[in-house]
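Chemist: Show me the folded form of this:
(2 chains, ligands or ions: 2)
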There are 2 protein chains.
Amino acid sequence: MELEFLGTGAGQPSKQRNVTSIALRLLDERNEVWLFDVGEATQHQLLKSNTRSRKVTKIFITHMHGDHIFGLPGFLTSRNFQGSEIIDGGRPTDLTIYGPAALQQFVFSVLRAAQVRLQYRVNFVQVHTGVIFNDKQFSVSAFAMNHGIEDYAYRVVEKDTVGELEVQKLLDLGLQSGPVFGKIKAGQTIKLSDGRVINGQEFVGSDRPGRIVAIVLDTKETPAIIDAAKNADVLVHEATYDGDNSVMAKKHGHSTSVQAAEHAKKAGAKGLILTHISARYLGHMADQLVKQAKSVFPNTEIAHDLEVFDIPAKKSERKDQVNAG
Amino acid sequence: MELEFLGTGAGQPSKQRNVTSIALRLLDERNEVWLFDVGEATQHQLLKSNTRSRKVTKIFITHMHGDHIFGLPGFLTSRNFQGSEIIDGGRPTDLTIYGPAALQQFVFSVLRAAQVRLQYRVNFVQVHTGVIFNDKQFSVSAFAMNHGIEDYAYRVVEKDTVGELEVQKLLDLGLQSGPVFGKIKAGQTIKLSDGRVINGQEFVGSDRPGRIVAIVLDTKETPAIIDAAKNADVLVHEATYDGDNSVMAKKHGHSTSVQAAEHAKKAGAKGLILTHISARYLGHMADQLVKQAKSVFPNTEIAHDLEVFDIPAKKSERKDQVNAG
Ligand SMILES: [Zn+2]
Ligand SMILES: [Zn+2]
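Modeler: Ligands and ions are numbered 1, 2, ... in the order given. A predicted model of the protein is given here:
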């Protein structure tokens, strides 16, 4: 699981930062990439990256401002020509787009105006507060933000992996499948009729807690940020302004780097990545944003275009000791 | 007068060529820039160029395919923040967009979806075959092309500059304003009552023929190309394919570099610049397109992204000798 920042600027592109798009690379987990927002020239940024647009299966849009959506028509159109040779006879795989109510009409009217016929299916899911996607591996929830326009933060939760019973090991010991396997899987210590003692915990693979990634883009302070970011392993948070510009930030519906840090701290997040940086902070001037944020939340980084952050799998956890029945 | 190629690729961006946009820089002539097509990331290309988006006063769109228009919403939105300090109290100057019938609805619906409020006025002119712009300096005509969608070539004609009568020089000689000035301006030789002989040609500034630039983008062969390109100083012509792929070109509504050269020759153009090159022609492979074209029309060049071609003012021409009345 990796986060790749395709664009880290606010409002309009600059020489240093393109407008917003973030790729959540789930290649090991499900051979998929999920995009969060698709600012203009996201497809150009992908040309410089290892991420292939045909791997993108889900796109989450936070809100309808141009710096978050104007790259979507071009991305979808060019993806037409990037089919896999293996799957679907060369057609690109289908795609699901999650976003505000106005998004579907926007995409369809633009593609119609340009007479684009997509070779793959695009499903739209109109986002509301709550769980918007859920399968056995991941869930995604949306939280309404405060930006003067319908706007959502997204919380991606990887489900915990429960340790599997190592059946073959038990069969090799001469045990036969039956109710006793259930007790062993529950971690109990079992005394067999031949006197042998089986410690369940030695025959169950380890559990692995899932990771949590929260993506909080354009918003001023609002309590739902903490809900979205609760115990996140990584909180990606917009930081359009530095801490001295909180009045300006609030006026424009944005956050400062210090507010982002306060949210990370309050939510109990483990790490914070700042993005959506105003073009006023050229080069090393952006260091100031990080410095201020670190004084509140030390584990803070600032994203740069095309930078990739690894989110390593968590350490496995042995089951808690359970007394034998 | 200069042509700057902001994007020279066909269909979708590649690492070497962005999708189409061409800037006709009329800085000396009228302190304006005119854009022809605005593919995605045209505003990004402008960041790497000397051309300022606030100087753009006219945009001509050839057709509604995405690689020619998907940069327009972002360009218009970002231009909001690039006002001149001097003119209009910081607001960017107004803009006129010329294009097919579907263009106005496309632009307005996208800007509405993104809740963009432009700080300047955008006028739309729906293009038809014929003269679409005309003032004392320039005229622009449109010619219907053949690309399976409403599509136009544009012919920009700079008007001839007629030499002015050098009035002060005559007054210094003691002449008085009157009908004789008209004769002198017409280049006649006049005998004054005091016996002096005035050669009109010595008192009239030189005429300067205007320049002609024709921009022929996505189209397969069609007779109107020759009308658009007639006697052009520079013909910009799409060359999606090389000369060996004329069947493919025709099938997709495009031209080969050899067809472009044939059109330049037949139209009596002075120079040819190839653009809209398929991404299949990587690096030096594109040399083949030029080589084939040169065998038909020697004065051919191929455009690269951000390349600028100067179109120098023509030599002045003295009036033809006129007999005295
Ligand atoms: Zn934004
Ligand atoms: Zn094209």
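Chemist: What parts of the stretch 51-200 of chain A come near ligand 1?
Modeler: Residues of the stretch 51-200 of chain A lying close to ligand 1 (CB under 5 Å from the ion) are A:Asp67. C-betas here are computed from N, CA, C, even on glycine.
Chemist: now do 8 Å
Modeler: Taking CB under 8 Å from the ion as the criterion, the stretch 51-200 of chain A approaches ligand 1 at residues A:63, A:65, A:67-68.
Chemist: Let me know the closest of these to chain B.
Modeler: The closest of these to chain B turns out to be A:His65 (CB to the nearest CB; 5.8 Å).
Chemist: got a pLDDT number for that closest one?
Modeler: Listed pLDDT for A:His65 reads 98.
Chemist: which residues sit in contact with A:Val204?
Modeler: A:163-166, A:184-185, A:187, A:319 (CB atoms under 8 Å, 6 or more residues apart in numbering or on different chains).
Chemist: just to revisit the earlier point, in terms of distance to ligand 2, which of the residues of the stretch 51-200 of chain A next to ligand 1 ranks first?
Modeler: A:Asp67 (25.0 Å; CB to the ion).
Chemist: Disregarding flanking residues, what is the spatial nearest neighbour of the closest residue to ligand 2 within the stretch 151-300 of chain A?
Modeler: Proximity of the stretch 151-300 of chain A to ligand 2 (CB to the ion) peaks at A:Ala279, 30.5 Å away. Excluding the flanking residues, the one nearest A:Ala279 by CB to CB, 6 or more residues apart in numbering or on different chains is A:Ser14, at 4.1 Å.
Chemist: you'd agree the one you found is up against A:Tyr281?
Modeler: No: contact status for A:Ser14 versus A:Tyr281: not in contact, 9.8 Å apart, counting by CB atoms under 8 Å.
Chemist: which residues does the residue of the stretch 51-200 of chain A found nearest ligand 2 contact?
Modeler: Taking CB to the ion, ligand 2 has its nearest neighbour within the stretch 51-200 of chain A at A:Ala114, 10.6 Å off. Residues near A:Ala114 by CB under 8 Å, 6+ apart: A:73, A:77, B:64-66, B:69-70, B:106.
Chemist: Give the other helices and strands that the helix or strand encompassing A:Gly182 contacts.
Modeler: Using DSSP states H and E, A:Gly182 maps to helix A:179-185. Here helix A:179-185 touches helix A:167-172, strand A:189-191, going by 3 or more CB pairs under 8 Å, 6 or more residues apart in numbering or on different chains; DSSP states H and E.
Chemist: Show me the strands in the stretch 101-250 of chain A, by range?
Modeler: A:122-126, A:130-134, A:138-144, A:152-158, A:189-191, A:197-199, A:212-216, A:234-238 (DSSP state E, counting those that start in this stretch).
Chemist: Mind giving me the packing neighbours of the third one?
Modeler: Okay, so that is strand A:138-144. Against strand A:138-144 (3+ CB pairs under 8 Å, 6+ apart) you get strand A:130-134, strand A:152-158, helix A:224-229.
Chemist: re the thing from before, make CSV from the helices and strands packed on helix A:179-185 and add mean pLDDT to it.
Modeler: Listed next are the helices and strands packed on helix A:179-185 as CSV, based on pLDDT from 0 to 100:
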stretch, mean pLDDT
helix A:167-172, 89
strand A:189-191, 89
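Chemist: Quickly compare those and say which is most buried.
Modeler: Of all the helices and strands packed on helix A:179-185, strand A:189-191 has the most neighbours on average by mean count of other CB atoms under 10 Å in any protein chain shown, namely a mean of 15.
Chemist: Tell me the strands beside that one, with direction?
Modeler: strand A:197-199 (antiparallel) (DSSP bridges).
Chemist: What lies in contact with the partner strand?
Modeler: A:170, A:173, A:175, A:184, A:189-192.
Chemist: Quick check: residues of the stretch 101-250 of chain A near chain B?
Modeler: Contact residues (CB under 8 Å from any CB of the partner chain) of the stretch 101-250 of chain A with chain B: A:102, A:105-106, A:109-110, A:113-116, A:149.
Chemist: Report the two of those separated the most.
Modeler: Largest separation among these by CB to CB: A:Gln115 and A:Ile149, giving 29.2 Å.
Chemist: neighbour count winner among these two?
Modeler: A direct count of neighbours by other CB atoms under 10 Å in any protein chain shown for A:Gln115 and A:Ile149 places A:Ile149 higher, at 16 against 13.
Chemist: how close does the more buried one get to A:Lys251?
Modeler: Applying CB to CB, to the nearest Å, the value for A:Ile149 to A:Lys251 is 15 Å.
Chemist: what do you get for A:Gln45?
Modeler: On the measure of CB to CB, A:Gln45 and A:Lys251 end up 30 Å apart.
Chemist: Look at these two and report which has more neighbours.
Modeler: Legend: neighbour count by other CB under 10 Å for A:Gln45 and A:Lys251, higher for A:Gln45 (22 against 10).
Chemist: and the more buried one, helix, strand or coil?
Modeler: What DSSP: H, G, I helix; E, B strand; the rest coil gives for A:Gln45 is helix.
Chemist: Grab the nearest non-local neighbour of it.
Modeler: Closest to A:Gln45 by CB to CB, 6+ apart is A:Leu6, at 4.1 Å.
Chemist: So which of A:Ser14 and A:Tyr281 has more stuff around it?
Modeler: More crowded of A:Ser14 and A:Tyr281, by other CB under 10 Å: A:Tyr281, with 23 against 20.
Chemist: That one touches A:Val290, doesn't it?
Modeler: No: using CB under 8 Å, A:Tyr281 makes no contact with A:Val290, being 10.2 Å away.
Chemist: what about A:Glu32, how many neighbours?
Modeler: 15.
Chemist: That one pairs with what?
Modeler: Beta-bridge partners recorded for A:Glu32 (DSSP bridges): A:Leu26.
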